[in-house]
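**Student:** Just a sequence and a predicted model for now, questions to come.
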Amino acid sequence: MIQYENQVFHLATEHTSYIIGIRNERYLENLYYGRKVHTRVTNTALQEKFGTGYGNSTVCPEDTTMTLDNLCMEYSFGGNGDYRHSPLEMQMPDYSYSNRFYYKEHEIYEGEYRDSKKTKMPYVRCSQEGEQTSTLEIILEDWLYSVELKLIYTVLPSCDVITRRTVITNKGTESIQLNRIMSMQLDLPESDYYMETFDGAWTRERHVNRKKLESGLYVNESTTGSSSNRHNPLILLTKENCTENAGSCYGINLIYSGNHYEAVEVTPYEKIRIMTGINPYQFEWELGQDETFFTPEAVLTYSHKGRQGVSSQFATFVNQYIVPKQWQGTERPVLINNWEATYFDFTEKKLLKLAKEAASLGVELFVLDDGWFGKRESDTSSLGDWFVNEKKLGGSLNQLAAKINNLGMKFGLWIEPEMISENSELYRKHPDWAVRIPKREDYIGRNQYVLDLTREEVRDTVVQMILNVLHGANIEYVKWDMNRHLSDAYSASLGKRQGEFYHRYILGVYDMMERITKACPKILFESCSAGGNRFDLGMLYYMPQIWTSDDTDANERVEIQEGTSYGYPLSTMGAHVSAVPNHQTLRNIGLENRFHIACFGVLGYELDVTKLSTADKRIVKNQIAFYKEHRKLFQYGNFKGERMHNGNIIWQVVSEDKKEAIVMCYQRLQRANSSSDVLKVKGLDADSLYHVQARKQSISIKQFGDLVNQASPVPIKDEGIMQTIVNKVYMLDSEEESYELYGDMLEYAGFKLKQQFVGTGYTGDTRVMGDFATRIYTITKKEGF
Ligand code: DGJ
């Protein structure tokens with residue numbers, strides 16, 4: 001809901017208020033953003049007070065006691081005495097960088113921003129049934145040069161999200177040059193915040209970093225050409241006392257997949273200024289007469305229920321307003337991907353053997369990864385040659401897909417349309433389509449070049465090639481990969497305007513995604529960029545799930561998936577069980593434990609299942625059956641990550657109707673004679689009775705090593721033949737554990753788990769854990785209690 005009264009705008013969601021006042025008939029002052037307050041406010045109570053000025057500050061021409069340097073502005077502009085970090089830097093026709101954007105008028109209307117489509121960028125998909133979405137456009141104008149700056153706000157009440165963006169139109173006759181134009185600026189009147197960012201690198205994405213804000217400027221950005229695995233566009237701002245479940249937390253994200261920039265400044269007057277938008281790094285945009293520049297849409301949310309409040313608001317937001325409509329709320333198939341099973345070394349026979357085994361275990365989708373096209377036997381060739389290597393596949397893609405379908409599975413395919421290999425037919429035909437600087441030595445990545453997607457003819461050719469492939473066989477899933485960062489950004493078509501390259505590149509990517517996904521609405525697309533290098537809202541707009549990380553080590557995944565969950569729901573996170581020793585870390589984690597981490601997301605298997613022992617195949621079959629039974633909960637349940645008193649990790653998902661939950665505990669390292677584990681589950685119905693049941697899992701006798709001889713009638717040598725044979729077919733069942741508790745007991749008292757193995761003996765009731773160990777418990781509401 002958006003109200004305007006007495007020069008005050010009140011934007012209200014179900015639990016938050018955002019209030020803006022018009023000051024001196026020209027400035028927009030942010031009066032409040034936070035927990036919901038009454039709609040009727042007097043402008044003056046919340047206004048900044050100015051009395052006798054501030055020493056050597058620059059003051060306003062219409063009020064010499066007032067300095068913009070200490071005003072919570074909605075959007076600052078150049079040359080006005082506001083010396084804080086600026087959201088806008090543009091060169092005016094007089095070559096100065098000063099401008100005067102004053103309030104002119106506004107408009108409030110139902111629904112989303114009416115020019116959303118014109119932006120050629122992904123945006124919030126409104127028009128939900130019964131949703132009271134509304135939009136506010138505030139128009140500011142620099143009348144000297146007829147430049148119009150629009151601040152656009154869209155309010156999504158049910159998920160407590162407000163989106164913002166800035167749109168600039170040059171209505172004058174002379175060109176202006178944009179050097180920086182942020183999607184939004186938010187000034188808050190207090191500065192005692194922590195900033196939380198989600199940082200990392202390849203195979204180490206989105207680890208949470210929390211820093212206390214002191215005086216100065218804190219930047220979170222990417223310059224790699226994509227949203228990057230280094231710094232996700234998501235940031236949180238929390239107060240000192242903010243915990244997972246209580247306290248003030250702001251969440252900010254950007255619907256953009258290119259170079260992004262978020263900055264938080266603690267100002268000299270102890271306020272904070274937050275901004276997000278396109279990174280000004282190597283950015284310049286010339287805006288001619290009657291031209292408009294749209295910034296990407298920024299997303300804001302606030303919760304007084306701590307980080308998990310924000311996390312669950314963002315989860316609802318992504319599931320309902322970002323992912324393509326046809327995939328909203330749909331259960332995603334369990335897949336097998338051949339990448340870590342074969343890498344480039346496969347034949348039709350090998351693939352079918354893998355598929356057959358996977359089908360017998362309950363897998364629903366077979367994904368053929370890199371290496372099926374051109375002459376690609378390694379990462380040194382063929383990107384751009386999007387036609388099938390029939391020799392390698394023993395026939396057409398259509399035939400292979402049909403054979404997979406005959407096994408009762410869907411068929412999916414890997415592509416990397418944004419790239420070109422030097423050793424490819426496409427490159428030999430169009431060497432100038434590769435992004436590089438003429439006459440310079442190249443700095444490249446993974447032996448490949450990025451295609452110049454700023455050019456329409458390049459996009460047209462690639463789209464056509466890809467559609468030929470996708471229409472040529474029964475393909476029901478596509479993994480769209482992108483395996484390198486951009487470097488030497490340059491397009492032969494841009495001449496002097498190379499400052500537009502990065503943004504035009506990502507607009508080109510969006511154009512291709514729009515065309516390909518629209519032409520194949522039934523194909524489930526999964527975005528990927530060397531794992532999670534492009535895990536952002538822009539990608540999710542086209543593709544409802546993303547390969548979270550190339551790191552499939554369950555222990556590493558705990559950090560990666562938990563970090564990701566603050567901004568993105570479980571339904572978006574691809575999570576696979578892979579072989580041990582793990583291919584990224586060489587770590588050895590038990591099969592059940594690998595599964596327990598991977599099932600909090602969209603489950604897949606990425607290993608040679610034909611090589612599993614009989615016992616392991618039985619385990620995988622049970623895992624898949626269990627996942628299918630609880631899939632809705634694992635993909636769409638409300639997720640929370642917590643810590644036990646002893647540091648052990650708890651993950652839980654609760655269904656929307658609170659009838660079902662699943663909770664997992666994860667012990668990173670076994671401690672000798674360990675303390676008891678207490679499992680608390682939040683968010684259930686306090687007055688309902690629940691049945692708690694431990695998932696029966698298999699324990700390998702190998703875990704006992706030599707100790708097994710204390711019980712075995714025949715001697716079994718650790719790592720010996722006997723142990724290997726027994727372990728192949730026989731596993732111990734985990735302890736049985738079940739309770740009945742009310743929702744309030746589960747939340748406040750929790751339940752104590754059975755004693756762990758501590759070296760004093762073993763009975764069927766002993767909880768054998770060890771390092772990197774997990775247990776899962778299902779929680780079901782008992783009707784009639
Ligand atoms: C990087 C992806 O993240 C992997 O899963 C795999 O698809 C390779 N690319 C293939 O080149």
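**Tutor:** All right, it came through fine.
**Student:** ok, and the closest non-adjacent residue to the residue in the stretch 201-350 of the chain positioned nearest to the ligand?
**Tutor:** Of the residues in the stretch 201-350 of the chain, the one nearest the ligand is Trp339, at a distance of 4.6 Å by CB to the nearest ligand atom. In this view, the C-beta of every residue, glycine as well, is placed from N, C-alpha and C. Leaving aside its sequence neighbours, Trp339 sits nearest to Asp369 (CB to CB, 6 or more residues apart in numbering; 3.9 Å).
**Student:** if I pick that neighbour, what's in contact with it?
**Tutor:** Residues near Asp369 by CB atoms under 8 Å, 6 or more residues apart in numbering: Asn337, Asn338, Trp339, Trp414, Lys479.
**Student:** What score does it have for pLDDT?
**Tutor:** In this model, Asp369 is scored at 98, pLDDT.
**Student:** Roughly how far does it sit from the ligand?
**Tutor:** Distance of Asp369 to the ligand, computed by CB to the nearest ligand atom, to the nearest Å: 5 Å.
**Student:** which residues touch Tyr566?
**Tutor:** Tyr566 touches Glu196, Phe198, Val208, Leu234, Leu236, Gly251, Arg307, Val310, Ser311, Phe314, counting by CB under 8 Å, 6+ apart.
**Student:** Just the closest of those to Cys242, please.
**Tutor:** For the contacts of Tyr566, the minimum distance to Cys242 (CB to CB) is 6.8 Å, reached by Arg307.
**Student:** what is the mean pLDDT for the helix or strand hosting that closest one?
**Tutor:** Per DSSP states H and E, Arg307 falls inside helix 306-317. The average pLDDT for helix 306-317 rounds to 98.
**Student:** other SSEs contacting it?
**Tutor:** Helices and strands touching helix 306-317, by 3 or more CB pairs under 8 Å, 6 or more residues apart in numbering; DSSP states H and E, are strand 161-170, strand 231-239, strand 249-254, strand 298-303, strand 638-643.
**Student:** Kindly recompute the last result at 7 Å.
**Tutor:** Other elements packing on helix 306-317 under the criterion 3 or more CB pairs under 7 Å, 6 or more residues apart in numbering; DSSP states H and E are strand 231-239, strand 249-254, strand 298-303, strand 638-643.
**Student:** May I see these arranged in JSON lines, with distance to the ligand, mean pLDDT and mean neighbour count as well?
**Tutor:** Listed next are the helices and strands packed on helix 306-317 as JSON lines, based on distance: least, CB to the nearest ligand atom, whole Å; pLDDT from 0 to 100; neighbours: other CB atoms under 10 Å:
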{"stretch": "strand 231-239", "distance to the ligand": "17", "mean pLDDT": "98", "mean neighbour count": "24"}
{"stretch": "strand 249-254", "distance to the ligand": "23", "mean pLDDT": "98", "mean neighbour count": "27"}
{"stretch": "strand 298-303", "distance to the ligand": "26", "mean pLDDT": "98", "mean neighbour count": "26"}
{"stretch": "strand 638-643", "distance to the ligand": "23", "mean pLDDT": "96", "mean neighbour count": "20"}
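**Student:** Format those strands as TSV; extra columns: distance to Ile560.
**Tutor:** Shown next, in TSV, are the helices and strands packed on helix 306-317 (distance: least, CB to CB, whole Å):
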stretch	distance to Ile560
strand 231-239	11
strand 249-254	18
strand 298-303	22
strand 638-643	12
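**Student:** which residues touch the residue of the chain found nearest the ligand?
**Tutor:** As assessed by CB to the nearest ligand atom, the ligand sits closest to Asp370 within the chain, at 3.5 Å. When contacts are counted by CB atoms under 7 Å, 6 or more residues apart in numbering, Asp370 touches Trp339, Phe344, Arg376, Trp414.
**Student:** With Leu149 instead?
**Tutor:** Listed by CB under 7 Å, 6+ apart, the contact partners of Leu149 are Phe101, Leu140, Thr166, Ile168.
**Student:** Keeping just the C-alphas, turn the helix holding Arg307 into CSV.
**Tutor:** The C-alpha trace of helix 306-317 is given here as CSV (Å, rounded to 0.1, in the frame of the first residue of the first chain):
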residue,chain,number,x,y,z
GLY,A,306,16.7,-11.3,12.8
ARG,A,307,18.6,-12.8,9.9
GLN,A,308,16.2,-15.7,9.5
GLY,A,309,13.3,-13.3,9.2
VAL,A,310,15.1,-11.7,6.2
SER,A,311,16.1,-15.1,4.8
SER,A,312,12.5,-16.4,4.9
GLN,A,313,11.1,-13.1,3.3
PHE,A,314,13.7,-13.4,0.5
ALA,A,315,12.8,-17.1,0.0
THR,A,316,9.1,-16.3,-0.4
PHE,A,317,10.0,-13.3,-2.7
